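Peer 1: sequence unavailable; structure follows:
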């Protein structure tokens, strides 16, 4: 898998992890009942792809901002960003997908890695919902 992105703020990781745990947030696998519960809330979520594995979470929980680094366990990522889903006839569909992550600043081409990870997990991605951001080099 191409590209590895480092957490730009490793000094914040322990505090971010504590805050996420206090808010009851844990990285969620896709698909699954825990993901279904998050998706049903209808809010924008965050994702990372680590070693080909897709992990997702709420963006905010109990007033806490959840970082991509928490989802990645502080590790390197291949892709990171935000996404939204809708229920389309009893199945989830990704209607918005981007590479927005200040902690990792992944290149725009990582969105294809993310798309492939979501589709491998059974969540089709609308091509018109993909938004590339050029966040500059880390």
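Peer 2: It's in. From a predicted model like this one, the values you see are computed outputs, not experimental measurements.
Peer 1: specify the local secondary structure of the closest residue to residue 134 other than its chain neighbours.
Peer 2: Closest residue in space to residue 134, ignoring its immediate chain neighbours: residue 108 at 5.7 Å, by C-beta to C-beta, 6 or more residues apart in numbering. The C-beta positions use only the backbone N, C-alpha and C, and glycine is treated the same way. Here residue 108 is recorded as coil under DSSP: H, G, I helix; E, B strand; the rest coil.
Peer 1: just checking, residue 108 touches residue 130?
Peer 2: No. Judged on C-beta atoms under 8 Å, residue 108 makes no contact with residue 130 at a distance of 9.8 Å.
Peer 1: higher neighbour count, these two?
Peer 2: Taking other C-beta atoms under 10 Å, residue 108 and residue 130 do not tie; residue 130 has more neighbours (19 against 14).
Peer 1: report the beta-bridge partners for the more buried one.
Peer 2: Residue 130 forms beta bridges with residue 97, as assigned by DSSP bridges.
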